[in-house]
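# Sharing a sequence plus its predicted fold:
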Amino acid sequence: PLVAGRRDRDVREEVIDFGQNGYTLVLVSSNVKLFLFMCCVASAQFGVLWLVAFSSAEYFFESGQWIVPWSDYFAVNAMKFFSLFLTFFRVTGEFKDATKMCRVVFHALKEPLSAKQWLLGLSGFIIQYVVAVLVLFMAIHLILASTTPIGTIGKLWVVYMVLEFDNHLCNFILYTYYHDEVFEWKMTIVHRRDWSPKSKQWLWCFAIPVVIGLSIVFMSFVLSVCPLTLLHYGLVRNNNPVLMLSSNLGLPGACCPPQVQWSSTKLVDDVKLQANVSAVALVPGSDVLFLDAPTFFWVVLPDGRTAPSSLQVMEGRGGDNNLALRAGQSVGKPVQIRWWLSLYHFPHQTIYEALHGEGEGSLGLYSNSLPFVGDWEVTRF
């Protein structure tokens, strides 16, 4: 807690004791080069969480489904709540340090700061506060998007290491570059009227972001969608998934993977190949008037490259999260399945009977689902 000093003629002194981290080191050292370096460190801190939380498809989508905050397993949910509490407790230390810098910058001091030191202190406070808020919100998504207890612990460790990085960096700099210098880590604020430690700075610097964070957690559980998933993809659901027809379904004749027809057009110095692709999917429903046409997403990858998930295909990436050679999308259209099967020389009668079957484990074509076809061209193959 902040420590109150003596009172003299309605003047009260408050001693601020800074913790040793990279941002407070900028304030007490008044070093511009160190401030620029801490700007790079802050960018790296945010970049790590960006790569982990926002640009990695495995934290949004897994096993053909969107990841939801509430797991079917008690151990995973228990670990999520435990990790969320630890995250809020840990980020409190960052908000506390930022609040101290804010109080020093915006209050009169017993020994006033120079203009240069004041500007560096203000900039250091803004950067530390922004990083703390972003880390908190990213950490909430990482934890809610966990699907295993061990995975939750791993993501919590990432959050801790990101927050602790500037603390370790400060100790390293003090030991290697400033071992002969002694910095004053205490500053005295002079209050000329009644004051309370529970000031407006505490409200803005701690209470508001924490309340917003708790609200995000609550709304994520209510909406059943992880926060960054909602921000990136909208209010997604796992209900009534579209089923792509493929050879993995065990239908007669290994029906029905996407069909490719090749065509070539002679150029001046080269031969340009074009692939015409057609694929069929079943959309849950029995009336085409009340169904939204599905969108077929596709990618072209080199042979042997890791197979992508559905979400990675939608984003035009391979299984290693790198961009595909070609990518695109096509809006589906209703199709008569018998006609499509005969067009590509499948034994349409036996396949149609298998698709049309009803009961447990059947696809219920035209009773529970309707076929849509997606056609597209891959040019300059």
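It's in. Numbers count the residues shown, from 1 in each chain.
# Can you give me every residue that contacts residue 41?
Applying CB atoms under 8 Å, 6 or more residues apart in numbering to residue 41 gives the contacts 22, 165-166, 169. (C-beta placed from N, C-alpha, C; glycine too.)
# please redo it, this time with the cut-off set to 6 Å
If you count contacts by CB atoms under 6 Å, 6 or more residues apart in numbering, residue 41 has them with residue 166.
# Over to residue 354?
Contact analysis of residue 354 by CB under 6 Å, 6+ apart lists 251-252.
# Could you point out the helix or strand that follows whichever helix or strand it is part of?
Using DSSP states H and E, residue 354 sits in helix 348-356. Once the chain leaves helix 348-356, the next helix or strand it forms, by DSSP H and E, is strand 369-378.
# Can you name the next helix or strand after the longest strand belonging to the chain?
Longest strand in the chain by number of residues (criterion: DSSP state E): strand 271-284. Going down the chain from strand 271-284, the next helix or strand is strand 295-300, by DSSP H and E.
# mean confidence for that following strand?
Strand 295-300 shows a mean pLDDT of 93.
# change the start of the numbering to 404 and stick with it
Fine by me, first position is 404 from now on; the one you just mentioned is strand 698-703.
# Does residue 497 belong to a helix, a strand or coil?
Following DSSP: H, G, I helix; E, B strand; the rest coil, residue 497 is assigned to helix.
# is it true that it touches residue 535?
Yes: using CB atoms under 6 Å, residue 497 is in contact with residue 535, at 3.8 Å.
# what's the following helix or strand after the lowest-mean-pLDDT helix or strand in the chain?
In the chain, the helix or strand scored least confidently by mean pLDDT, DSSP states H and E is strand 406-411, which has a mean of 47. Remark: after strand 406-411, the chain's next helix or strand is strand 414-420, criterion DSSP H and E.
# Show me the contact partners of whichever helix or strand comes after that following strand.
Under the assignment DSSP H and E, the closest C-terminal helix or strand after strand 414-420 is helix 425-432. Residues from elsewhere that reach helix 425-432 (CB under 6 Å, 6+ apart): 421, 437-438, 441, 523-524, 527, 531, 569, 572-573, 586.
# and what of stretch 633-642?
In contact with stretch 633-642 (CB under 6 Å, 6+ apart) are residues 468-469.
# buried ones in that stretch?
Neighbour-count burial for stretch 633-642, counted by 16 or more other CB atoms under 10 Å, picks out 633, 636, 639.
# and the gap between residue 708 and residue 660?
Note on residue 708: its distance to residue 660, by CB to CB, to the nearest Å, is 18 Å.
# So which residues of the stretch 554-703 of the chain form helices?
Assigned by DSSP state H, counting those that start in this stretch, the stretch 554-703 of the chain shows helices spanning 603-605, 611-626, 630-636.
# Quick one: the strands in the stretch 454-603 of the chain, in order.
Under the criterion DSSP state E, counting those that start in this stretch, the stretch 454-603 of the chain contains strands at 464-465, 468-469, 589-594.
# Out of the ones you listed, which gets nearest to residue 648?
Evaluated over those, closeness to residue 648 peaks at strand 468-469, with 19.1 Å, by CB to CB.
# what are the pairing partners of that closest one, and which direction each?
Sheet pairing of strand 468-469 (DSSP bridges) gives strand 464-465 (antiparallel).
# I would like the residues contacting the partner strand, please.
Strand 464-465 has contacts (CB under 6 Å, 6+ apart) with 712, 714.
# Could you rerun that using 10 Å?
Contact with strand 464-465 is made by 470, 548, 550, 632, 636, 639, 712-715, 717-718, as judged by CB atoms under 10 Å, 6 or more residues apart in numbering.
# I'd like to know how far residue 574 sits from residue 536.
Separation of residue 574 from residue 536 (CB to CB): 24 Å.
# Lowest mean pLDDT across the helices of the stretch 554-703 of the chain, which one is that?
Least confident of the helices of the stretch 554-703 of the chain, judged by mean pLDDT, is helix 603-605 with a mean of 63.
# could you say which helix or strand contains residue 444?
helix 435-452.
# Low-confidence bits of the chain, can you list those?
404-413, 456, 458, 582-584, 595-606, 667-675, 761-765, 784 (pLDDT under 70).
# if you set the cut-off to 50 instead, what comes out?
Low-confidence segments of the chain (pLDDT under 50): 404-410, 671.
# Now do the longest strand of the chain against helix 751-759, angle only.
Counting by axes from the mean of the first three to the mean of the last three CA atoms, to 10 degrees, strand 674-687 lies at 40 degrees to helix 751-759.
# got the angle between strand 674-687 and strand 772-781?
Interaxial angle, strand 674-687 versus strand 772-781 (the same axes, to 10 degrees): 160 degrees.
# wait, residue 482 sits on residue 553?
Yes: at 8.6 Å, residue 482 and residue 553 qualify as touching, with contact defined as CB atoms under 10 Å.
# Neighbour count: these two, which is higher?
residue 482 (21 against 10; other CB atoms under 10 Å).
# What distance do you get for the more buried one to residue 475?
Counting by CB to CB, the gap from residue 482 to residue 475 is 14 Å.
# same question, residue 778
As for residue 778, its distance to residue 475 is 38 Å (criterion: CB to CB).
# same question, residue 567
33 Å.
# Look at those two and report which has more neighbours.
For residue 567 versus residue 475, neighbours defined as other CB under 10 Å are more numerous around residue 567 (14 against 8).
# in terms of contact, does the more buried one touch residue 424 like I think?
Yes: between residue 567 and residue 424 there is a contact under CB under 10 Å: 9.1 Å.
# Give me the common contacts of the two.
496-497.
# Residue 781 contacts residue 661, correct?
No: Residue 781 is beyond contact range of residue 661, at 11.0 Å (criterion: CB under 10 Å).
# what touches both of the two?
Shared contacts of residue 781 and residue 661, defined by CB under 10 Å, 6+ apart, comprise 680, 701.
# Could you check which of the two is surrounded by more residues?
More crowded of residue 781 and residue 661, by other CB under 10 Å: residue 781, with 19 against 15.
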